[in-house]
Structure formats: structure tokens, C-alpha cells
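In: have a look at this fold, sequence not included:
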């Protein structure tokens, strides 16, 4: 038996008994994301948003399949090298994940945390490797603009108007290989979120619904690890967008925490608001995942930044709960990712 | 750092660095389940299947809320004693879970594995406690006949006919408190399932869709832990029903494994087929969870049985995937639960 050390930190955070690294990752996106500011960073941009499939759901499945294939390829891994998959998506009953990952024949933990699933999957994958439960695992998530519109809002053919507070669901999937094998990028801790419900009932304003959960999570992470915002080079939320970012910064200022100089949001970065007509910004499980893989991990690898707090945010609703008049509660999961410096040994 | 022992066993199984116990559990069910053969074993039977709420989804949320409250109460725990919740349900975007557990303000990992979620939640909860990531966590799942019919099949008012291969979704929630604190019931290992697709396309015959996944999981568990079927007092599947049980036993016989003398199925146990008109048996995330809590854990506690393999089974589909002509793949997750004997110390 190991020594009786516990690994929890403060109220909601963890460190790991063993070192956990992100040894490779990959991003696959659709046409619109390829035309955005990060377009050149993604591993694969597909001109056909159906990815050669018959329908949007299968297209999203293909996104996950391709992202995992690329991430494994970069790590020179075969499916049998991966002990577990931690994966999810936004669709009812996680069908993009089930049908996308089936052929790999890898034990699967299916996850649902709305758009926070990118953080949830990385957290559980890191807990797994950090405990010595596996040498190598993969965490991945996806979203697709068209399958999400069909799932949550209106058929595309209806061509509904969108308020400027609405976000644009990213067509994309990000996959991450986690392992105990040393690399330049290490996950050093996680902070796991609670559901926060401030009574927002507008499914066209997800940023406002999710910002309170992000604010609580960030404040808790700083308290648990006894850090100040500046101890992170960047605090990166998933898909709050312009509307949510403003609320987040305000909420934290009321707690005497100023993250304005280090905060960035994947939903804001991924599209050009003016040229692409994407409203408040990008959203979806895929948004934060592809931005982490294509934009932030290379910066960590190159040493341009040393430590980030990655906080994917989720809005917990379904069309059923929405139509029954329920609010849209939020949840956020935080992952601390650091550049692994030079070290003696 | 702990010693560099790895905890994986064989291809798909794990043991834990630290001992993991189920310290308390609770079951809450609806009227029909209360009238079934296990009726007297459940902690709470509610005569009103709406549980005092306005709609079926909120009723299911109330099931989870009550089950967790009872399990905490039996363990003399407050919400702040529980570090994580591992929970899920069958509804799109896990809304029964989100709205049911929100008020507890406990960090949440939302899970989706169809009816296998009962096994997935116990697995991840055990991995968490077993690694020293938390002193106490809770695993819970729910299903509700009416919310599931609405989600997957037809409105109740339509009064559709049901083939005899169809299962009856259990209205119920089972909650389990896992902790490192010694009790009479210990989780000693898990086996995590892969998705298995045999091409079944009949959403009214879930047993057939799930049986191959259960067969693979059970065979793998026996191989990984180097056990024979008789090394378990019972091998318990979640909700294969009569149709699925037959297929399971046949499939395993082809692998030269005979589980017929030790196999039981929660879906078969929970209803009286003749008197209750429940077709092939019970199903749903709640089926295996309430049966484990109300029927099997007391048997383990009293020493009537010493070691079980608990294998909740899930059918991965949504109305969207079904209507698009996709098959219904299955998945199963196995949990080894043992009576903790007397011990010196």
C-alpha cells in the first residue's frame, strides 16, 4: 500500500500522486473555424462540414474519430496503447461520442458536462493517469454547429434570427493524450466545479448563464492553490464570449479578484466577430478543446507562457428543461497546465 | 511520491491503491416497483410517480435528490462531507441529474453510459477514493418510466403497444456513498467496458442489443482476475431482461464459459412478469442501482453472499440516431463487490 498521503487541495482541488503529462493532442475543425483567426493553427480543417457523412450527427462522430486518430498518430500510438477514453459531446445520449469512438474498441467513460466536458474529460483522465491506473489515456470532446442547432434551437432551414448575445457553436473536436511519460506540458492540478444557478432562462445567452460558475471556479482555484491571478500567465475560459467575459470579470471584481489582465476566452479567440457574424463568440465542447490544442499548448511547449488555468464552462439545459420553464444553470471545471521546465536527473 | 506500482489488472481491469468501501446506500422507487417482488426492500416507495412535481423530468430529479439525502442520512453525512458526485441519467443532456443535484452544491462529474451508468459511476467513484483523491464521494443514477418513454419512445397518452421483447423502464434512483472508512462492503476491483455493436436496430429489444457487451465484459473480468464464474456467488447484469439473459448465457457458452448457475439480472428480479405485464423485464439506470442497494448489498452485509460481479449494461442510442437508421450498440461496466470479512488489526 502507498503512504497515506491525501491529494486533495483546499475545498475543490486536487494534485496527483504521479506526474501527468499531455504528450500529444490534435484539433479538427470545420470550414468556418478554418477561416477564423486561429485557422492556420488547427491540424485539420475540413471544407465539407458533413465530413463526407450523411447527416450532422455522423459528421460530428467523424470529427471525434479523426481528432483521436491524429492525436494518436502524433504520439506514435495505436488504439491498444490507450487504456481508457474519457469523452463526451453535447448531443442527447452522447451519440457523437458513442458512434465516433466505437471502432477504436477502447474502454470508454462517457461524460456529460455540456461545454465544460472538455475540462471534465481532462480532469478525469489526469486523475486516472495520476493514480497509476493507466499508462496512457485519451480525453476528447466535440461539437458541431449544425447538430447543436438541431438539438438545441431551430432547424437550419428555418433560418432564425440570432440575438447578438447568442454564441456560435464551434464545429470541431480536440483530442488529448495523457500519460506519465515526460513531455513539455504537464497537468499539475484540477479544480472541479459545482452547478451554479443564477436563474438565467435565456438559452440565447449562454455566456450570462455560465459566467457565475466560471467566477466561482476561478475564485476557488486561486484560494485552494493559494495563488493570485498573476500566478497564471493566462486564465482561459471556454466559451463565455464577449457577453460572458464582461460578467465574469465584474463578478470576480466584487470578490476583490481582478483577472482582467490575464483573462482570455476561447469563444472570443476562435472567430473574427466583425467579419464572421458570430455574435457573442464561439461555444460548444469543441471550442475550448480545439483552442487549447491548437493555440495554447504550442505556446506552453515553446515557453511563451508557463502556467495556465484552463476553465471550460457549460450551460446545463435541454430543450425539454427549457420548454418546461427551467433555468439554465452553469458548471465549470478547471485544469492547471504548466510548462515542464528543465530538470536535473 | 508513492511507490511506482501500477494498479491495472489484465486488459481492462483495475484494483485500487487503497481500500474502497460502500459505507451506505439508498433506493427510492415508484409505485410499480414498490408492488414488485423487491417492494419491501426499498427505502422509499412513492405512491405518486410525479413525486409532487409538475412534470416527469422534475419527478426524476426528485428521485435523485431523495436517494442522495437518504444515503447521506444513513451514513450520518452532510453535503459538505461529500467531495464529489459521480452521477447520470438517461435523459438528453442529463437534466434529471443537473436539476436534481444542483442544490447540494457538491462538485459534480456528470456521466453518460445509458443504463450502464450505474456501473460507470461506481467505477469512477471507486477510482477516486482508491487513489486518495477524496475521503467520501457519492455515486448515483436514476431513471423514470414516464420521462424515458417520452425521451425514447412515444408519449404515454399515445398508449402504444409493446412487443414482449420490450423492457419496462424502472422509476427509481439508487445512491451509494463510497469512502475509505471500513465497512462490511468493499469494492475490490472494476472492469471497464468497450462499446460493442452487433448491428441490432430494434429499440424495443434492448436486451439483445446489450447482451454482447455484457458477455465480453464478463469474459474479460474473469480473464483479467483469473477467476471462474463460480468464484463469484453471483454475476449480476443490469437490465438484460429475459430476452437478453438467454442471449448472454448462450454467447458465453460459445466462449466455454458457463455462468448459468450464478447469473441473475436486476431487470428480471425487480418485476413480477406475469402479474405486472412488464415484458422482458425492468431497465434503466435506476434498475440496477436500486436492486444493488436494496437487494444485493444487504445480502453481502449479512454474509449470505461473499463476492459479486455487478455488471450494469447500457444501450447507446438516441431517437436521432435511431431515426437515422443507426444500430443500437451496447456497453457494460463491471464492479467487483465483496463482503469484508473479520480481520486482525
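Out: Nice, I can see it. All figures in this text were calculated on a predicted structure; none of them were measured in a lab.
In: so, low pLDDT: which residues of chain A?
Out: For chain A, the stretches flagged by pLDDT under 70 are A:1-4, A:342-345.
In: could you break it into its assigned domains?
Out: By the record's domain assignment, chain A is partitioned as A:8-179, A:188-339 (automatic domain parsing).
In: the ones you listed: which one's closest to residue B:5?
Out: domain A:8-179 (6.6 Å; CB to CB). Every residue, glycine included, has its C-beta placed from N, CA and C.
In: quick one: terminal-to-terminal distance for the closest one?
Out: Counting by CA to CA, to the nearest Å, you get 21 Å between the two ends of domain A:8-179.
In: now do that domain: distance to the chain's middle.
Out: 8 Å (CA atoms, centre = their mean, to the nearest Å).
In: ok, stretch A:247-255 next?
Out: Taking the mean of its C-alpha atoms, stretch A:247-255 sits 22 Å from the chain's own mean (CA atoms, centre = their mean).
In: now do residue A:269 against chain B, distance only.
Out: Distance of residue A:269 to chain B, computed by CB to the nearest CB, to the nearest Å: 26 Å.
In: about what we covered before: of all the domains of chain A, which lies closest to residue B:299?
Out: Proximity to residue B:299, assessed across the domains of chain A by CB to CB, is greatest for domain A:8-179 (28.4 Å).
In: rewinding a little: can you redo the domains of chain A as JSON lines with mean neighbour count?
Out: Putting the domains of chain A into JSON lines (neighbours: other CB atoms under 10 Å in any protein chain shown) gives the following:
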{"stretch": "domain A:8-179", "mean neighbour count": "23"}
{"stretch": "domain A:188-339", "mean neighbour count": "23"}
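In: using TSV, lay out those domains together with distance to residue B:291.
Out: Output for those, formatted as TSV (distance: least, CB to CB, whole Å):
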stretch	distance to residue B:291
domain A:8-179	22
domain A:188-339	27
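In: the residue in the stretch 151-300 of chain A that chain B sits nearest to: what's it in contact with?
Out: As assessed by CB to the nearest CB, chain B sits closest to residue A:192 within the stretch 151-300 of chain A, at 3.9 Å. By CB atoms under 8 Å, 6 or more residues apart in numbering or on different chains, the contact set of residue A:192 is A:12-14, A:123, A:333-334, B:84, B:107-109.
In: with secondary structure and distance to residue B:181 added, can I get those residues in a markdown table?
Out: Listed next are the contacts of residue A:192 as a markdown table, based on DSSP: H, G, I helix; E, B strand; the rest coil; distance: CB to CB, whole Å:
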| residue | secondary structure | distance to residue B:181 |
| --- | --- | --- |
| A:12 | coil | 21 |
| A:13 | strand | 22 |
| A:14 | strand | 20 |
| A:123 | helix | 25 |
| A:333 | coil | 27 |
| A:334 | strand | 28 |
| B:84 | strand | 16 |
| B:107 | coil | 20 |
| B:108 | strand | 22 |
| B:109 | strand | 21 |
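In: which of the residues you listed lies closest to residue B:297?
Out: residue B:84 (20.8 Å).
In: pretty sure the closest one is touching residue B:108, no?
Out: Yes. With contact defined as CB atoms under 8 Å, residue B:84 counts as touching residue B:108 (7.4 Å).
In: next, format the contacts of residue A:192 as CSV and append distance to residue B:170.
Out: Shown next, in CSV, are the contacts of residue A:192 (distance: CB to CB, whole Å):
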residue, distance to residue B:170
A:12, 33
A:13, 36
A:14, 34
A:123, 31
A:333, 30
A:334, 36
B:84, 25
B:107, 28
B:108, 23
B:109, 23
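In: quick one: end-to-end length of stretch A:288-295, please.
Out: From its first residue to its last, stretch A:288-295 covers 10 Å (CA to CA).
In: any chance you could list what contacts that stretch?
Out: Contacts of stretch A:288-295 (CB under 8 Å, 6+ apart): A:25-29, A:33, A:38, A:41-43, A:115, A:118-119, A:140-142, A:170, A:172-176, A:236-239, A:266-267, A:269-270, A:310, A:312.
In: that stretch: how far from the chain's middle?
Out: The answer for stretch A:288-295 is 8 Å, by CA atoms, centre = their mean.
In: do stretch A:271-279 as well
Out: 21 Å.
In: how long is it from one end to the other?
Out: Terminal residues of stretch A:271-279 lie 10 Å apart, using CA to CA.
In: residues in contact with that stretch?
Out: A:32-33, A:35-37, A:162-168, A:241-242, A:281-282.
In: now, those that are in strands?
Out: Secondary structure of these is defined by DSSP state E; positions in strands are A:168, A:282.
In: surely residue A:87 is within a strand?
Out: Yes. Assessed with DSSP: H, G, I helix; E, B strand; the rest coil, residue A:87 lies in a strand.
In: hang on, the earlier thing: filter the contacts of stretch A:271-279 down to the ones close to chain B.
Out: Among the contacts of stretch A:271-279, proximity to chain B is found for none (CB under 8 Å from any CB of the partner chain).
In: which of the contacts of stretch A:271-279 fall within helices?
Out: Of those, the ones assigned to helices by DSSP state H are A:32-33, A:241-242.
In: please name the bridge partners of residue A:330.
Out: With DSSP bridges as the criterion, residue A:330 is bridged to residue A:196, residue A:315.
In: wait, what's in contact with it?
Out: Residues near residue A:330 by CB under 8 Å, 6+ apart: A:195-198, A:209-214, A:313-316.
In: swap the cut-off to 7 Å and go again
Out: By CB atoms under 7 Å, 6 or more residues apart in numbering or on different chains, the contact list for residue A:330 reads A:196, A:209-210, A:212-213, A:313-316.
In: which element is the residue nearest to the spatial centre of chain A on?
Out: Residue closest to the mean C-alpha point of chain A, counted by CA atoms, centre = their mean, is residue A:118 at 3.0 Å. For residue A:118, the enclosing helix or strand under DSSP states H and E is helix A:117-130.
In: helices or strands next to that helix in the packing?
Out: Under the contact definition 3 or more CB pairs under 7 Å, 6 or more residues apart in numbering or on different chains; DSSP states H and E, helix A:117-130 sits against strand A:20-29, strand A:84-88, strand A:136-143, strand A:172-179, strand A:185-191, helix A:285-291, strand A:334-339, helix B:117-130.
In: between strand A:185-191 and that helix, find me the angle.
Out: Orientation of helix A:117-130 against strand A:185-191 (axes from the mean of the first three to the mean of the last three CA atoms, to 10 degrees) gives an angle of 110 degrees.
In: helix A:117-130 versus strand A:84-88: what angle between them?
Out: Put simply, helix A:117-130 runs at 170 degrees to strand A:84-88, going by the same axes, to 10 degrees.
In: residue A:190 is in contact with residue A:16, isn't it?
Out: No. The pair residue A:190 / residue A:16 is not scored as a contact, 8.5 Å apart, by CB atoms under 7 Å.
In: what's in contact with stretch A:256-268?
Out: For stretch A:256-268, contacts defined as CB under 7 Å, 6+ apart pick out A:167, A:218-219, A:222, A:229-230, A:232-242, A:245, A:249, A:252, A:281-283, A:287-288, A:291.
In: follow-up on the earlier one: common neighbours of residue A:190 and residue A:16, please.
Out: Joint contacts of residue A:190 and residue A:16 (CB under 7 Å, 6+ apart) are residue A:126.
In: picking up where we left off before, closest to residue B:184 out of the contacts of residue A:192?
Out: The closest of the contacts of residue A:192 to residue B:184 turns out to be residue B:84 (CB to CB; 23.2 Å).
In: cool, thanks, signing off.
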